[in-house]
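Student: How does the following fold in three dimensions:
(chains A and B)
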Number of protein chains: 2
Amino acid sequence: MAVDALGGDRTPDEIVAGAAAAATVDVHPVIYGPEALDALGLEHVVTTDSVEMDAKPAEAVRGKPDSSLVRAVRAVGDGEADAVVSAGNTGAVLAASLLHVRRLPGVFRPGIAVVIPTQHGPSVLIDAGANADARPEHLLQFAHMGSIFAEEVLGIVRPRVRLLSIGEEPEKGNQLTLEAHVLLEESSLRFDGNIEGRALLQGESDVVVCDGFTGNVALKTLEGTIHSLLGALRAELETSIRGKAGGFLIRPAARALRERLDPETTGGAYLLGLRGLVVISHGSSSRVAIGNAIALAARGIEHDIVGRLRETLPERVVESSRSTNPSDTRG
Amino acid sequence: MAVDALGGDRTPDEIVAGAAAAATVDVHPVIYGPEALDALGLEHVVTTDSVEMDAKPAEAVRGKPDSSLVRAVRAVGDGEADAVVSAGNTGAVLAASLLHVRRLPGVFRPGIAVVIPTQHGPSVLIDAGANADARPEHLLQFAHMGSIFAEEVLGIVRPRVRLLSIGEEPEKGNQLTLEAHVLLEESSLRFDGNIEGRALLQGESDVVVCDGFTGNVALKTLEGTIHSLLGALRAELETSIRGKAGGFLIRPAARALRERLDPETTGGAYLLGLRGLVVISHGSSSRVAIGNAIALAARGIEHDIVGRLRETLPERVVESSRSTNPSDTRG
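Tutor: Sure thing, here's the model as predicted:
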């Protein structure tokens, strides 16, 4: 498994440490990074360049073929690695994946699938940020990919699919969701209608579909609110002796909760719709997050998520293409 | 002040009770609703019809001129009331306001302005749901209206404006935010660039601008996450004796926090850009929320927010019109 040692804000030490901790008899992380780094005994492919976190994706991928990011992603495309994990520039990972791993037949756009830990088990949010602008037929494909993922990796039978919108009624939404709603209604999916942002953590849905802009805003709002709220509670407790005592007593419970909801616990997100397995981690990932991201990638290999998508998508893709308005030439 | 007694899920008792509690020497709520209701001694304008929460806005407003919602909104347009508060169908309140209160000169679209209680004081999110599809020049106007609101009602000098997007870098976003970013950069506003969903509660911004779809998803995600998280913490604490004791001790702090963050504490949102003051409340509003919404409306009257927008917007609207690409004929 290829690991980009220079992806993220805490490179290369946290990345390599996370990879070393995640190594098992079955999982062999291979470090892609500069000669000077200490690979902690892991296999090390030396690369000479790096992609900045704020670099322009297309330029970076074309201009830096020997960067750790591009080389690690290419290893999957070339069949040298069964998966890649990078906490680097998301746009660059996406661009490198499109170029070197390539899309599965019939897939319009890959989507980022994030597992959200709800009150009643995991739920998949797709797209969490790969496509800032999307068309209705893209959302239909995200729904199919998210469903296959929920079935195969999460073991959910006939996953319930919902469309993220601004009201549960079918007529609530923007132009994109109104059109996507019709496609989802007509599809073979188990479509349960719209879902509002307030229900994301309630577990009423196995797959939540949206464009990458909305998904990214919702996901970051969710993460930020958890962070701010626990911080505010801590500050509030500090203002009284009673609060301090209470804060001490609730510590184990708060820690369990934080651990369940912390994005580091999942470690990363799958980029679905490609011919190989790509896992994207938060730029701020610690060694714990990287270790979990590698475990997530290993789970995807074990369940052969790419093979399952390759087998199952074509029949469903026919459906998406049928639903597509051929006169629509936007984007 | 006109109050729609049949707006929301808990009508008319909670609405009337909230209005009665909010009445002061200066604030005179007038109840718009059916003859049969008990107005608790408040002035009562009898109406004969009601708008359902899931009714189609335009149809409801045209077809039900004697509904409590339309009559209460019209009272502002006709100069009989200085403001209106409704927890009814948001789309219908918007449609009735466009028809009977009408837009201020030069305003493309009214926007819903919600006050978010951040760690460092209030911040205005606009648009929180009036316009599911918006154009870049609409976002620029929302930014101006939000700024004037922050200055006049919240007393913030030179408010910092930020654009809700999926990365802080100017090149991160969708087509809408990329174009809006340019307009905001060129404007006379104190524009501090993009903000991500994760920072909404951190108070790094006085005004957060977005289209109504994104704003509504972000706001509901924020509210839902607070609700789910406090619920999950309570459940977690119930699982051990230590947790139960801690839960008892932290109760006052948790309550203070919940009260600060609870949308009921603000009570409602202004619909800005109209010739009169319209306040929209949550459909689920309790008497407490309605009372706070009436206080919010009273504050808007006291600060003459409509007059300030009328005076200040025109010079800024010239700027928005100049920034608008005249060849753009979408929507």
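
Student: CA only for contacts and neighbour counts going forward, please
Tutor: Fine.

Student: ok, the nearest residue to A:V45 once chain neighbours are set aside to A:R102 distance?
Tutor: Setting aside the residues directly before and after it, A:V45 is nearest to A:Y32 in space (Cα to Cα, 6 or more residues apart in numbering or on different chains), at 4.9 Å. A:Y32 sits at a distance of 20 Å from A:R102 (criterion: Cα to Cα, to the nearest Å).

Student: biggest helix in chain A, by residue count?
Tutor: Looking across chain A with DSSP state H, the single longest helix is helix A:212-237.

Student: how far does the helix or strand just after that one sit from the chain's center?
Tutor: Taking DSSP states H and E as the definition, the helix or strand that follows helix A:212-237 towards the C-terminus is helix A:241-261. Between the mean C-alpha point of helix A:241-261 and the mean C-alpha point of its chain there is a distance of 29 Å (Cα atoms, centre = their mean, to the nearest Å).

Student: Name the surrounding residues that touch helix A:241-261.
Tutor: By Cα atoms under 8 Å, 6 or more residues apart in numbering or on different chains, the list of residues contacting helix A:241-261 from outside reads A:116-117, A:234, A:236-238, A:265, B:232-233, B:236-237, B:242-243, B:245-250, B:253.

Student: Look up how far A:A75 lies from the closest residue to A:L277 other than its chain neighbours.
Tutor: With Cα to Cα, 6+ apart as the measure, A:A83 is the residue that lies nearest to A:L277, at 4.7 Å, once sequence neighbours are left out. Taking Cα to Cα as the measure, A:A83 and A:A75 are separated by 8 Å.

Student: of A:Y32 and A:R102, who's got more company?
Tutor: Summary of the neighbour comparison: A:Y32 and A:R102, criterion other Cα atoms under 10 Å in any protein chain shown, with A:Y32 having more neighbours (30 against 18).

Student: for that one, what are its contacts?
Tutor: In this structure, A:Y32 makes contact with A:2-6, A:44-47, A:68-69, A:71-72, judged by Cα under 8 Å, 6+ apart.

Student: Surely it is in a strand?
Tutor: Yes. With DSSP: H, G, I helix; E, B strand; the rest coil as the criterion, A:Y32 is assigned to a strand.

Student: That one bridge partners, please.
Tutor: Counting by DSSP bridges, A:Y32 is bridged to A:D4, A:V45.

Student: what's the spacing between it and chain B?
Tutor: Counting by Cα to the nearest Cα, to the nearest Å, the gap from A:Y32 to chain B is 26 Å.

Student: Then A:L189?
Tutor: Here the distance between A:L189 and chain B works out to 24 Å (Cα to the nearest Cα).

Student: mind saving the C-alpha coords of stretch A:198-214 as PDB?
Tutor: Output in PDB follows, covering the C-alpha atoms of stretch A:198-214 (Å, rounded to 0.1, in the frame of the first residue of the first chain):
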ATOM      1  CA  ARG A 198     -30.300  18.700  11.100                       C
ATOM      2  CA  ALA A 199     -30.800  14.900  10.700                       C
ATOM      3  CA  LEU A 200     -27.300  14.000   9.600                       C
ATOM      4  CA  LEU A 201     -26.200  12.500  12.900                       C
ATOM      5  CA  GLN A 202     -29.500  10.900  13.700                       C
ATOM      6  CA  GLY A 203     -28.900   7.800  11.500                       C
ATOM      7  CA  GLU A 204     -32.100   8.000   9.500                       C
ATOM      8  CA  SER A 205     -30.200   7.300   6.300                       C
ATOM      9  CA  ASP A 206     -27.500   4.900   5.100                       C
ATOM     10  CA  VAL A 207     -26.400   7.000   2.200                       C
ATOM     11  CA  VAL A 208     -26.700  10.800   1.900                       C
ATOM     12  CA  VAL A 209     -26.200  12.200  -1.500                       C
ATOM     13  CA  CYS A 210     -25.200  15.800  -2.400                       C
ATOM     14  CA  ASP A 211     -22.800  17.800  -4.600                       C
ATOM     15  CA  GLY A 212     -19.300  18.200  -3.400                       C
ATOM     16  CA  PHE A 213     -19.700  21.800  -2.400                       C
ATOM     17  CA  THR A 214     -22.800  21.200  -0.200                       C
END
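
Student: Give me the distance from it to the chain's centre.
Tutor: 13 Å.

Student: same deal with stretch A:67-75?
Tutor: Computed by Cα atoms, centre = their mean, the separation of stretch A:67-75 from the middle of its chain amounts to 18 Å.

Student: now do stretch A:152-166
Tutor: Relative to the centre of its chain, stretch A:152-166 is centred 15 Å away, using Cα atoms, centre = their mean.

Student: Buried residues in that stretch, which are they?
Tutor: For stretch A:152-166, burial by neighbour count (16 or more other Cα atoms under 10 Å in any protein chain shown) applies to A:E152, A:V153, A:L154, A:I156, A:P159, A:R160, A:V161, A:R162, A:L163, A:L164, A:S165, A:I166.

Student: Show the end-to-end separation of that stretch, please.
Tutor: Distance across stretch A:152-166, first residue to last, is 30 Å (Cα to Cα).

Student: residues making contact with stretch A:91-109?
Tutor: Counting by Cα under 8 Å, 6+ apart, the neighbours of stretch A:91-109 from elsewhere in the structure are A:51, A:55-58, A:60-61, A:69-70, A:73-74, A:76-78, A:86, A:110, A:130-131, A:138, A:141, A:271, A:273-276, A:278, A:280, A:310, A:314, A:317.

Student: which parts of that stretch are buried?
Tutor: Buried, per 16+ other Cα under 10 Å, within stretch A:91-109: A:91-104, A:106-109.

Student: Also stretch A:14-30?
Tutor: By 16+ other Cα under 10 Å, the buried positions in stretch A:14-30 come out as A:14-23, A:28-30.

Student: Need the CA coordinates for it. CSV is fine.
Tutor: Coordinates of each C-alpha in stretch A:14-30 appear next as CSV, following Å, rounded to 0.1, in the frame of the first residue of the first chain:
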residue,chain,number,x,y,z
GLU,A,14,3.5,11.8,11.7
ILE,A,15,2.7,10.1,8.4
VAL,A,16,5.6,7.6,8.7
ALA,A,17,4.9,7.0,12.3
GLY,A,18,1.2,6.3,11.5
ALA,A,19,2.2,4.0,8.7
ALA,A,20,4.6,2.0,10.8
ALA,A,21,2.0,1.6,13.5
ALA,A,22,-0.5,0.3,11.0
ALA,A,23,1.8,-2.3,9.4
THR,A,24,0.6,-5.9,10.0
VAL,A,25,1.3,-9.3,8.5
ASP,A,26,-1.2,-8.4,5.7
VAL,A,27,-0.7,-4.7,5.4
HIS,A,28,2.6,-3.5,4.0
PRO,A,29,2.8,0.3,3.8
VAL,A,30,5.3,1.6,1.4
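
Student: Next, report how far it is displaced from the centre of its chain.
Tutor: So, by Cα atoms, centre = their mean, the centroid of stretch A:14-30 is 20 Å from its chain's centroid.

Student: Quick check: the gap between the closest residue to A:L6 other than its chain neighbours and A:K56.
Tutor: The spatially closest residue to A:L6, leaving aside those adjacent along the chain, is A:P12, at 5.5 Å (Cα to Cα, 6+ apart). Taking Cα to Cα as the measure, A:P12 and A:K56 are separated by 21 Å.

Student: These two: who's more crowded?
Tutor: More neighbours surround A:P12 than the other of A:P12 and A:K56, with 20 against 15 (other Cα under 10 Å).

Student: ranges for the helices of chain A?
Tutor: Taking DSSP H as the criterion, chain A carries its helices at A:13-22, A:57-63, A:68-77, A:90-100, A:136-152, A:175-186, A:212-237, A:241-261, A:263-266, A:287-302, A:305-323.

Student: that older thread, state the distance from the residue nearest to A:V45 to A:H44.
Tutor: Distance of A:Y32 to A:H44, computed by Cα to Cα: 6 Å.
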